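Asker: Need coordinates for the below:
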Amino acid sequence: MRLENYRPAKQNVVLEEVKVASSGSIELFQETSVGYFKVVAVGPLCETVKIGDYVIIKTQPVTELEFVDKVRAQLPEFGIDGYYTPSNEELENPVPIFEAENKEEEEMNVIDSEGGDNSLGTEFGDREN
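Answerer: The predicted model follows:
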């Protein structure tokens, strides 16, 4: 399917994810999302969004549409969480606008079977000689 031949119905919006090239640890080249989308098509009942806007969606599920050149997302206009206005510098060289989620590793309490000198005590079934 070609984008120029497709028109979304009702209040649906077709979005193209803005990505930036980065180097990965396993792949030599991988694209990373910058966190916002460009509106490439709008349905006839859309009230505020227009083609060319940059929007942020965080919580809405999207429908993936496969076009000839790439996969794009479609969702209702009310699924847009906010609008983003990238600077000219950001348009030329996109950078992620949200920080990556870093999950801190939780400290594990391990039972020391060679003496039991931690807060959990000794391992079950160990004999003291």
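Asker: Residues contacting the strand or helix carrying residue 40, please?
Answerer: When elements are assigned from DSSP states H and E, residue 40 belongs to strand 30-42. By CB atoms under 8 Å, 6 or more residues apart in numbering, the residues outside strand 30-42 that reach it are 3, 6-8, 12-24, 49-57, 72-73, 77, 84, 86, 94-98. (C-beta placed from N, C-alpha, C; glycine too.)
Asker: Okay, and the beta partners of residue 13?
Answerer: Bridge pairing for residue 13 (DSSP bridges) gives the partners residue 42, residue 75.
Asker: same deal with residue 31?
Answerer: Residues in a beta bridge with residue 31, per DSSP bridges, are residue 21.
Asker: just to revisit the earlier point, of the contacts of strand 30-42, grab the buried ones for ChimeraX.
Answerer: Here is the ChimeraX selection string for the buried members of the contacts of strand 30-42, based on 16 or more other CB atoms under 10 Å:
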select :3,8,12,13,14,15,16,17,18,49,53,54,55,57,72,73,77,84,86,94
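Asker: Now, the contacts of strand 30-42 that are in strands?
Answerer: Among those, the members falling in strands (DSSP state E) are 12-22, 54-56, 72-73, 84.
Asker: Contact partners for residue 64?
Answerer: Shown here is residue 64, whose contacts under the criterion CB under 8 Å, 6+ apart are 71, 72, 73, 74.
Asker: Run through this structure and note the low-pLDDT ranges.
Answerer: Applying pLDDT under 70 to the chain picks out residues 22-30, 100-129.
Asker: if you set the cut-off to 90 instead, what comes out?
Answerer: Counting by pLDDT under 90, the low-confidence segments of the chain come to 19-35, 58-61, 90-129.
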